[in-house]
Every structure is written in structure tokens, then in C-alpha cells.
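> model the following, please.
(chains A and B)
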2 protein chains.
Amino acid sequence: MQLYTYFRSSAAYRVRIALNLKGLVAEESYLHLRKGAHLEADYLRLNPQGLLPTLVDDDGVTLSQSLAILEYLDETRPRPPILPADAAARARVRQLAQVVACDIHPINNLKVLNYLTGELGVSEAARTTWYRHWIGQGMAALERLLADSPATGDFCHGDGPTIADICLVPQVYNAQRFDADMSPYPTVMRINGACLALDAFAKAAPDVQPDAE
Amino acid sequence: MQLYTYFRSSAAYRVRIALNLKGLVAEESYLHLRKGAHLEADYLRLNPQGLLPTLVDDDGVTLSQSLAILEYLDETRPRPPILPADAAARARVRQLAQVVACDIHPINNLKVLNYLTGELGVSEAARTTWYRHWIGQGMAALERLLADSPATGDFCHGDGPTIADICLVPQVYNAQRFDADMSPYPTVMRINGACLALDAFAKAAPDVQPDAE
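I've put the predicted structure just below:
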């Protein structure tokens, strides 16, 4: 199994956590996003979006989109599961994951930030305000969904990590990198702490990757 | 089953298609996004993000996030399926869906467009350029993923509709509403046509909804 990754890519960080949780080891290829390595022809053949991550399974199956990869890993390597068994619980976990993956992360992606400061001539300060705005809006919703539900446990859903936690932790990492105020989201931060106490999460963190700067 | 919907919400449009494909009828509640109906307290209790759609199942299970709802419908009402059976095929379909749902749609969402013209003071013209830019980038990737794969058939994956088509059609509708040039994406447009020839898609279209203006 081969993983195309970059230490700071949130989406690659998710897949690194999932691989660790399932005890899988992928050979890693490091692409430097800021140097444009993801836009070279060889990589675009694997991933026409030029995004990270890409996972190539042993049989050649080539996948992009981190949420699709997480589901694929759970379907092909089901132990330990990263989704609950019950349909309503699975839906809740996917919903929490998608609050991050569809409503926070894409709007704060590097290509969007570059468009703001490039094509639109937005100042660095306004760019940071933009970043924190979408973090705040998404995290406020996550906090409600987590704090108000009896289904929340030590982790986003019950007492074991799921794809919801796998999305939450990299997003909190990004928020902290941009000095967003996380104090209004105590449940999010409690769960983030519980996750980072696990080796699978700690060893996937950007700062301990071989390509970290 | 109750669906909170708005005729022009792309995410609600996806769920309407899925319900139709599965022959399910939901009681519809219409929220007017531009009038802020989604931000009223009663609705925020159901959906703390204040986004559409929300689906309330007969047993009270309350779900938001359209992709999570699509998966839930497929798990609880499996016939006819909207995901293939094989893990690699499921991953491909989810990947195609997520190119739309994670990398095009969120960046062009109403709340983002409002932030551009409001907080950032971006002109209407620059806002439209922004819109078309992300459509173009995402559609170009979709076109490659569809045109270059032998797994593509009459629809995104094989000869029956899946959640990939369910995401594609509302995005093409949006693109056309903003007069984006779709001529570089013939495979996308061929599949869009095949979908709209089906009642399930045609009857979910924004312009034929009871709350259409």
C-alpha cells in the first residue's frame, strides 16, 4: 500500500490516523504542496485533482478523497472498525465528519487562501479573519452536536475513535496553527485531548512526520 | 419521514433525488434560505449548523449533511441501491461524489458568497469569477475521472445512478445558473443528460418544487 502525503495536509493526516488505528503500514511518498509537487504530470495521472492524499492499494486500486479512503479502509480492513454498526449511529458519525470535511476544511484550503490573497488581493489580516470565521462557525456547530447528544462519550461517538474523531483532530490542529480561540468549544477540545493520548493519533501528527519542516 | 428543504439548495436537491430513486415519499417543510428561515431557533435545534437539508426519519432519527443522509437511506432502504456492492467501486463512487460535495460546492455556498460580497467587499463580477473558477477546477477533474475510466458507463459508474450522479446533477444545475461554460466537460454533460431523462432526477429539480419561485 502506498500513501502520497504531505505533513501539513489535513486530509492526509486523516488517512494517516486511520492507517495507524487499523495497524496498517503504507509506504509513504512525500509531496511538497507549497513547492507544487502535487501538480506534476506523474501525480496528476494518479489524482487529476492534484490534491492529497492518494492511496494506492496493493492490487493497484487508486483512491483519492480522504473520506472515501476512510470508508474503503473500513470496508476492506474492518478490524478495528472506525464506524459504528448501527445505521443511525453511522449516520451521526458521518454527519460529524462532514461538518469538518464539507463545511470547514474546503473553505480554508490552501488553494482557496491563495485565491483570496492572489486574485482577490485580500490582505493577510483579512485572510486570517476569514480562516477563523469558518473555524468558529463550524466548531460552534460541532460543539452543540457533541455536547447536546447522549451518544457522545470519551470520543465523538461512544468510547472508541471513529471517522468523526479522525476528522476533528486535524481540524483542531489547523485551528491552533492559526491561533483560533478554541475556548468556546470545551467538548471538542476534551475529545481532541482523548484522541491525542492514543498512539494512532499522536504518531500521525504533522510535526512528527518524516517530511515535517 | 420529514424533509426540510429549499428548492435551490443543492444538498436538499441531492436528497430529493435519492428519495425518488428509492420510491420514498417524505413530508416536505420548506425553508426560505434568503429570508433566513434556517436560522430560526426551532430549526437550529434540529440542525445546529442552520443548513439544509434535515431529514427526520419516522422513528425520530434526525440527520443533516446530505452525504450522510444518502448513505443512511442506502443502509436502511437498500433497494434499489445507490452505491455499488464492491469496495473499490464504492470508493470510486464516493470519490466522485466528494469531488463535488467537498471541493466545489462548499466554496460556492451562499454563506461563502455572502461573506465575499459582504465582509470582503468583493464586486458582483469578481464573485461570479470566483464561482466559475471553482466550478471549472472541479469539473475539469470530474471530466478526467469520468472520461478516462472504463468503469464509467451511461452514468458515473456503470449503467445505473449512484450517489456520484446524485451529486453531479445539482452541481451542473448550479453551474448553468451562473452561466459557467460546460462545453469542456462533455462526459459530465452526457451523464447529466442521462440522469435528467429519469423521472427520479427530473422530479427533484429545483424549478418544479412546490416552493420554487
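
> chain center to the helix or strand hosting residue A:18: distance?
Secondary structure from DSSP states H and E places residue A:18 in helix A:10-21. Between the centre of helix A:10-21 and the centre of its chain there are 7 Å (CA atoms, centre = their mean, to the nearest Å).

> report the mean per-residue pLDDT for it.
Here helix A:10-21 scores 98 as its mean pLDDT.

> elements contacting that helix?
When contacts are defined as 3 or more CB pairs under 8 Å, 6 or more residues apart in numbering or on different chains; DSSP states H and E, helix A:10-21 packs onto strand A:2-5, helix A:66-76, helix A:163-177, helix A:199-202. From N, CA and C alone the C-beta is placed, and that goes for glycine too.

> next SSE after it?
With DSSP H and E, the next secondary element past helix A:10-21 is strand A:27-30.

> only alpha carbons, please: show that following strand as CSV.
Taking Å, rounded to 0.1, in the frame of the first residue of the first chain, the C-alpha atoms of strand A:27-30 are listed here in CSV:
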residue,chain,number,x,y,z
GLU,A,27,4.9,3.2,2.1
GLU,A,28,4.9,7.0,2.1
SER,A,29,5.7,9.3,-0.8
TYR,A,30,6.1,12.9,0.3
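
> quick one: mean pLDDT over that strand.
On average, strand A:27-30 scores 95.

> right, and the helix or strand after it?
Taking DSSP H and E, what comes next after strand A:27-30 is helix A:41-46.

> any residues touching stretch A:50-60, and which ones?
With CB atoms under 8 Å, 6 or more residues apart in numbering or on different chains as the test, stretch A:50-60 has contacts from A:1-6, A:9, A:11-12, A:15, A:26, A:31, A:33, A:38-39, A:43-44, A:46-47, A:62-64, A:66, A:69, A:72, A:76, B:88, B:103.

> now list the buried members of the residues you listed.
A:1, A:3-6, A:9, A:11-12, A:15, A:26, A:31, A:33, A:38, A:43, A:46-47, A:62-64, A:66, A:69, A:72, B:88, B:103 (16 or more other CB atoms under 10 Å in any protein chain shown).

> for chain B, see how far away residue A:75 is.
Using CB to the nearest CB, to the nearest Å, residue A:75 is found at 4 Å from chain B.

> the residue lying closest to that residue once chain neighbours are set aside: what's it in contact with?
Distances taken as CB to CB, 6 or more residues apart in numbering or on different chains place residue B:87 nearest to residue A:75, at 4.3 Å, with adjacent residues excluded. Shown in contact with residue B:87 (CB under 8 Å, 6+ apart): A:72, A:75-76.

> rerun at 10 Å
Contacts here follow CB atoms under 10 Å, 6 or more residues apart in numbering or on different chains; on that basis residue B:87 touches A:57, A:61, A:71-77.

> near chain B at all, the lowest-mean-pLDDT helix or strand in chain A?
Counting by mean pLDDT, DSSP states H and E, the weakest-scoring helix or strand in chain A turns out to be helix A:41-46, with a mean of 89. Yes: using CB under 10 Å from any CB of the partner chain, helix A:41-46 reaches chain B at A:44-45.

> now that helix, how far from the centre of its chain.
Offset of helix A:41-46 from its chain centre (CA atoms, centre = their mean): 22 Å.

> tell me what that helix is packed against?
strand A:2-5, strand A:54-56, strand A:62-64, helix B:124-147 (3 or more CB pairs under 10 Å, 6 or more residues apart in numbering or on different chains; DSSP states H and E).

> and that helix, C-alpha only, in CSV?
The C-alpha trace of helix A:41-46 is given here as CSV (Å, rounded to 0.1, in the frame of the first residue of the first chain):
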residue,chain,number,x,y,z
ALA,A,41,2.2,15.3,-14.6
ASP,A,42,3.0,11.9,-12.9
TYR,A,43,1.0,12.8,-9.9
LEU,A,44,-1.9,14.2,-11.9
ARG,A,45,-2.3,10.9,-13.6
LEU,A,46,-2.9,9.3,-10.2
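
> any idea how far the closest residue to residue A:62 other than its chain neighbours is from residue A:16?
Excluding its sequence neighbours, the residue lying closest to residue A:62 (CB to CB, 6+ apart) is residue A:56, at 5.1 Å. Here residue A:56 is placed at a distance of 15 Å from residue A:16 (CB to CB, to the nearest Å).

> gap between residue A:150 and chain B?
Per CB to the nearest CB, residue A:150 is found 14 Å from chain B.
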